[in-house]
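Asker: heads up, no residue letters with this:
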């Protein structure tokens, strides 16, 4: 059987509604490759999955199979099955690897050592910069940065890796021909150019809420560790961290302010045994086999700080509090704050508050 015919059989198996990953694995365990499943016939398949076997023979996905095969013929676009040598070996270690992966970009990246970075979609400016800095440093050291292309920390992690001219993988919760959220379209195109976009979902699959937690096992499964930058206590990022621990991956978390809602998830992970991380070097030393130089991504030297930055601290601060801390008037502070913002050192937050970015 040719590779094209074999892939068509894999596509037929995975494109039948009602035949999910667990059912597919039962059938593959019983019969071997997909073509053997269909050759065995309805009665034999019923012996394995009951009446759901009727779906295998009553539903005809021929048009969707042909469309998928045509998609995979285009340059830089791939569909790989569990049986392919190109299938990432790291995913073969997890309990529920997807039967097929749709990949746009550099297929070889799926075999390289990677670190997943996840966190809040509603990240603080400081969290966004922290994620970018960590990703930039770690990518420059040779780690592939893996995330989910969501707003906030995910997007920052991808941008940081690209800024270092490093490698990054986006695992998405839609079909490979859909980009969600739409505002990350340009970022997605940049990732395809020098990295990879990966999905287990068929072409045309829209953004469905339940698919995003489901793809988290792939984010953690492809990695040797997961770094959580900012997360609320019930964040989906904690699902990724839990999956990582179950898969035998390292879990790292960056602590934050005790007053910040998006730090509480990280603090929860640290209490549960995640490694507390302050610099990229902490991660490199834990993972080993990388020539870890001291990381300069989060400066700690305060010698060059002015009085306003020192007064700001590392938590959001109101103008009234700054007046009290600096003994400067609001009229004196406002132009100084504007200068600091233009220099990229602070960000203005809602409610007339300010937060330092470095």
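Answerer: Thanks, I have it. All values reported here derive from a predicted model rather than from experimental measurement.
Asker: Verify the stated contact: residue 13 with residue 26.
Answerer: No - counting by C-beta atoms under 8 Å, residue 13 stays clear of residue 26, with 11.6 Å between them. The way it works is simple: take the backbone N, C-alpha and C, and place the C-beta from them, glycine included.
Asker: which helices and strands does the helix ranked longest in the chain pack with?
Answerer: Ranked by residue count and defined by DSSP state H, the top helix of the chain is helix 125-140. Packing partners of helix 125-140 (3 or more C-beta pairs under 8 Å, 6 or more residues apart in numbering; DSSP states H and E): strand 114-118, strand 144-147, helix 153-163, helix 280-287, strand 346-349, strand 353-356.
Asker: how about these in a markdown table, adding distance to residue 307?
Answerer: As requested, the helices and strands packed on helix 125-140 are exported to a markdown table (distance: least, C-beta to C-beta, whole Å):
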| stretch | distance to residue 307 |
| --- | --- |
| strand 114-118 | 34 |
| strand 144-147 | 36 |
| helix 153-163 | 29 |
| helix 280-287 | 29 |
| strand 346-349 | 13 |
| strand 353-356 | 13 |
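Asker: wait, which of those is closest to residue 239?
Answerer: Across the helices and strands packed on helix 125-140, residue 239 has its closest neighbour in strand 114-118 (9.2 Å, C-beta to C-beta).
Asker: which neighbours does that closest one have in its sheet, and in what orientation?
Answerer: strand 144-147 (parallel), strand 225-228 (parallel) (DSSP bridges).
Asker: ranking those strands by burial, who's on top?
Answerer: Across the strands paired with strand 114-118, the average number of neighbours (mean count of other C-beta atoms under 10 Å) peaks for strand 144-147, which reaches a mean of 30.
Asker: With neighbour numbers in mind, choose between residue 13 and residue 26.
Answerer: Comparing residue 13 with residue 26 by other C-beta atoms under 10 Å, the one with more neighbours is residue 13, at 23 against 15.
Asker: Can you tell me the SS state at that one?
Answerer: Counting by DSSP: H, G, I helix; E, B strand; the rest coil, the backbone at residue 13 sits in helix.
Asker: now it, nearest residue through space, not along the chain?
Answerer: Take residue 13 and drop its neighbours on the chain: the residue closest to it by C-beta to C-beta, 6 or more residues apart in numbering is residue 34, 4.4 Å away.
Asker: I'd assumed residue 15 was in contact with that neighbour.
Answerer: No - with contact defined as C-beta under 8 Å, residue 34 does not reach residue 15; the gap is 11.1 Å.
Asker: which of these two has more neighbours?
Answerer: More crowded of residue 34 and residue 15, by other C-beta under 10 Å: residue 34, with 25 against 19.
Asker: circling back: let me have the strands paired with strand 114-118 in JSON lines, extended by distance to residue 350 and mean pLDDT.
Answerer: Formatted as JSON lines, the strands paired with strand 114-118 follow (distance: least, C-beta to C-beta, whole Å; pLDDT from 0 to 100):
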{"stretch": "strand 144-147", "distance to residue 350": "26", "mean pLDDT": "98"}
{"stretch": "strand 225-228", "distance to residue 350": "25", "mean pLDDT": "98"}
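Asker: JSON lines for these, including distance to residue 57?
Answerer: JSON lines is the format used below for the strands paired with strand 114-118 (distance: least, C-beta to C-beta, whole Å):
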{"stretch": "strand 144-147", "distance to residue 57": "38"}
{"stretch": "strand 225-228", "distance to residue 57": "41"}
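Asker: Which of these sits closest to residue 336?
Answerer: Comparing the strands paired with strand 114-118 by C-beta to C-beta, strand 225-228 comes nearest, at 34.3 Å.
Asker: the helices in the stretch 251-358 of the chain, which residues?
Answerer: Along the stretch 251-358 of the chain, counting by DSSP state H, counting those that start in this stretch, helices occupy 264-271, 280-287, 307-312, 319-326, 330-342.
Asker: Report the beta-bridge partner residues of the residue nearest the centre of the chain.
Answerer: Nearest to the geometric centre of the chain sits residue 147, at 1.8 Å (C-alpha atoms, centre = their mean). Residue 147 has the following beta-bridge partners by DSSP bridges: residue 170.
Asker: pretty sure it contacts residue 157?
Answerer: Yes - with contact defined as C-beta under 8 Å, residue 147 reaches residue 157; the gap is 4.4 Å.
Asker: which residues do those two both contact?
Answerer: Residues touching both residue 147 and residue 157 (C-beta atoms under 8 Å, 6 or more residues apart in numbering) are 117-118, 168.
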